[in-house]
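Student: The sequence and its predicted three-dimensional model are supplied below.
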Amino acid sequence: MTDLTAALSAADTQFDESLERLFGLLRIPSISTDPAFAADCRRAGQWLVDELTGLGFDASLRDTPGHPMVVAHHEGATPDAPHFLFYGHYDVQPVDPLELWTSPPFEPEIKEIAPGRKAITGRGAADDKGQLMTFVEACRAWKAASGSLPCRITILFEGEEESGSPSLKPFLKANAEELTAECALVCDTGMWDPETPAISVGLRGLVGEEVTIHAADRDLHSGLFGGAAANPLQILSKILADLHDETGRVTLEGFYDGVEETPAQVLESWNNLGKTAESFLGEVGLSVPAGEKGRSVLELTWARPTAEINGMWGGYTGEGFKTVIAAQAAAKVSFRLVGKQDPDQIRAAFRAHVEARLPEDCSASFAPHGGSPAIQLPFDSPMVTKARTALTDEWPKPAVMIGMGGSIPIVGDFQNILGLQSVLCGFGLTDDRIHSPNEKYDLTSFSKGIRSWVRILQALSKP
């Protein structure tokens, strides 16, 4: 029996105990945003330290100005074995509204959610306790099978991910030497579908801006001043409408600087996933893509930049009718970034776009709401290739490489502070209801997630 076969067998043999350990962690209400649960967050961190110590890790709880970090180290089978940093978070979202839960959020259960399909229920089941425990239990399986791990592992679990990770960057900078490895492994992602594992290789960046157009010194009667006074709502509407041309492209000066076309073979693999505009948009009652013409919905959401109006207000919006010309109008606008787009450049281009379209006696003010660049990981890096092969060996369908429309800030922090590329591999599903009542994690995601990490650790340890 090979070491890999023995480790997979150990994962299966001890699965019931793995499930009980996960339940123990899920019972701890580690809600990071509510100070009332600070002691529970610390308790969850200490729970993980104790489990990792029992597995032979040199594990400790590290204090921060907020909730503590868990840091653990384990040597590999040989002194020169490759070294990887695994990241997850033990904190969870609040449970409100509690009345919408069908069972208590911190009393995990196994429920049959469809014929032949069972799931673990409870807050944190998928985000991120179930995910991080797939890795911990994979390490346990390797230790049970061979007494060691095939590679050197450093683990970093944080307790503030759901509250903006305020302590994370300072902690990474202060402990960069200790945390640096050859590659980071991040589990806070998902599958393409219940039978198809995925590795995420692209994360869009984000720029948020709030703009306010100022005109008259007070709201005006539209009968007395209509036709003569500048109307900020009309001005702002025109400015925002000018953000896109008739083909759906964003019109900001230099907006596409740093945007590269997605490789043809990657586009082909995405097209082969069978996601059409109708199937993608049909879930929300739509059918026609609204972005750049001639591109698939997956390319639009995974690999192209966007400009979106997220909110707009001004004037009278209450019950009844009030004929006024507003003194000011405001909007919130966000830009999703790809490739090497510069957040500062995009912000400056938007402000210039607004200023250039203002009437002489109007002004604009701006308020920034965050800015982070996109993260593009190599499609063909050796680490990604090895992990993809390992996943394909475990699941019914071959692993696919996907993009993500949103961001995972930690990936950029690993890249910028520690100089690490990441492999993003998780086993969540789109119906896991993360951040919502009745969160769940498929039992198969947990069981085969453990087996997947067993395989990935072995694959990454090979030259």
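Tutor: The structure has been received and is ready for your questions.
Student: From here on, just use CA atoms for contacts and neighbour counts.
Tutor: Noted.
Student: is it true that residue 129 touches residue 25?
Tutor: Yes. With contacts counted by C-alpha atoms under 8 Å, residue 129 reaches residue 25, the gap being 7.3 Å.
Student: tell me the contacts of residue 430?
Tutor: The contact partners of residue 430, taken as C-alpha atoms under 8 Å, 6 or more residues apart in numbering, are residue 190.
Student: oh sorry, the question was meant for residue 339
Tutor: For residue 339, the contact set (C-alpha under 8 Å, 6+ apart) comprises 258, 259, 260, 374, 375, 376.
Student: can we see that at 10 Å?
Tutor: Contacts for residue 339 (C-alpha atoms under 10 Å, 6 or more residues apart in numbering) come out as 202-205, 256-262, 303-305, 373-377.
Student: next one: residue 1
Tutor: residue 7.
Student: 8 Å instead, please
Tutor: Listed by C-alpha under 8 Å, 6+ apart, residue 1 has no contact partners.
Student: What of the one 10 residues further on?
Tutor: Each residue near residue 11 by C-alpha under 8 Å, 6+ apart is listed here: 137, 138, 140, 141, 450, 451.
Student: Quick check: it is in a helix.
Tutor: Yes. Residue 11 sits within a helix when classified using DSSP: H, G, I helix; E, B strand; the rest coil.
Student: Can you read off the pLDDT for it?
Tutor: As predicted, residue 11 sits at a pLDDT of 98.
Student: all helices for the stretch 351-463 of the chain, in order.
Tutor: Using DSSP state H, counting those that start in this stretch, the helices of the stretch 351-463 of the chain run over residues 382-394, 409-413, 443-461.
Student: for the ones you listed, which one sits closest to residue 14?
Tutor: Closest to residue 14 of those, according to C-alpha to C-alpha: helix 443-461, at 10.4 Å.
Student: State the mean pLDDT of the closest one.
Tutor: Mean per-residue pLDDT for helix 443-461: 98.
Student: Tell me which residue lies farthest from the centre of the protein.
Tutor: Distance from the C-alpha centroid of the chain, by C-alpha atoms, centre = their mean, peaks at residue 224 (51.6 Å).
Student: Same question for the helix or strand harbouring it: list its buried residues.
Tutor: For residue 224, the element it lies in under DSSP states H and E is helix 222-225. Counting neighbours by 16 or more other C-alpha atoms under 10 Å, one finds that the buried residues in helix 222-225 are residue 222.
Student: And that helix, how far out from the chain middle?
Tutor: Helix 222-225 sits 49 Å away from the centroid of its parent chain (C-alpha atoms, centre = their mean, to the nearest Å).
Student: And for stretch 89-105?
Tutor: How far stretch 89-105 lies from its chain's middle: 19 Å, per C-alpha atoms, centre = their mean.
Student: how about that stretch: buried residues?
Tutor: Buried positions in stretch 89-105, judged by neighbour count with 16+ other C-alpha under 10 Å: 89, 90, 91, 92, 93, 94, 95, 101, 104, 105.
Student: could you give the mean pLDDT of that stretch?
Tutor: Stretch 89-105 carries an average pLDDT of 97.
Student: what's the burial count for the nearest residue to residue 216 once chain neighbours are set aside?
Tutor: Using C-alpha to C-alpha, 6 or more residues apart in numbering and skipping the chain neighbours, the partner closest in space to residue 216 is residue 327 (5.0 Å). Residues lying near residue 327 (other C-alpha atoms under 10 Å) number 20.
Student: Residue 225 is in contact with residue 327, correct?
Tutor: No. Counting by C-alpha under 8 Å, residue 327 sits too far from residue 225 to count as a contact (11.8 Å).
Student: picking that back up, what's the model's confidence in the helix holding residue 224, averaged?
Tutor: Helix 222-225 shows a mean pLDDT of 94.
Student: Equivalent analysis for stretch 374-381, please.
Tutor: Here the average pLDDT along stretch 374-381 is 84.
Student: and it, how far apart are its ends?
Tutor: 18 Å (C-alpha to C-alpha, to the nearest Å).
Student: need the contact list for the nearest residue to residue 27 once chain neighbours are set aside.
Tutor: Counting by C-alpha to C-alpha, 6+ apart, the nearest residue to residue 27 once its immediate chain neighbours are dropped is residue 106, at 4.8 Å. Neighbouring residues of residue 106 by C-alpha under 8 Å, 6+ apart: 26, 27, 28, 29, 122, 123.
Student: Could you do residue 134 as well?
Tutor: By C-alpha under 8 Å, 6+ apart, the contact set of residue 134 is 446, 447, 449, 450, 453.
Student: now do 7 Å
Tutor: Applying C-alpha atoms under 7 Å, 6 or more residues apart in numbering, we find residue 134 in contact with 446, 449, 450.
Student: What of residue 44?
Tutor: So residue 44 contacts 25, 28, 30, 90 (C-alpha under 7 Å, 6+ apart).
Student: Which one of the contacts of residue 11 is nearest to residue 118?
Tutor: The nearest one, if we look at the contacts of residue 11 relative to residue 118 and count by C-alpha to C-alpha, is residue 450, at 16.5 Å.
Student: so that closest one sits right up against residue 137, yeah?
Tutor: Yes. With contacts counted by C-alpha atoms under 7 Å, residue 450 reaches residue 137, the gap being 6.2 Å.
Student: Enumerate the positions of stretch 52-59 that are buried.
Tutor: Neighbour counts over stretch 52-59 (16+ other C-alpha under 10 Å) mark 52, 53, 55, 56, 57, 59 as buried.
Student: Checking the residue lying closest to the third one once chain neighbours are set aside next. Helix, strand or coil?
Tutor: Spatially, and ignoring its direct neighbours in sequence, residue 55 is nearest to residue 140 (6.5 Å; C-alpha to C-alpha, 6+ apart). Following three-state DSSP, the label given to residue 140 is helix.
Student: correct me, but residue 329 touches residue 232?
Tutor: Yes. Taking C-alpha under 7 Å as the definition, residue 329 is a contact partner of residue 232 at 5.4 Å.
Student: which residues do these two both contact?
Tutor: Common neighbours of residue 329 and residue 232 (criterion: C-alpha under 7 Å, 6+ apart): 213, 214.
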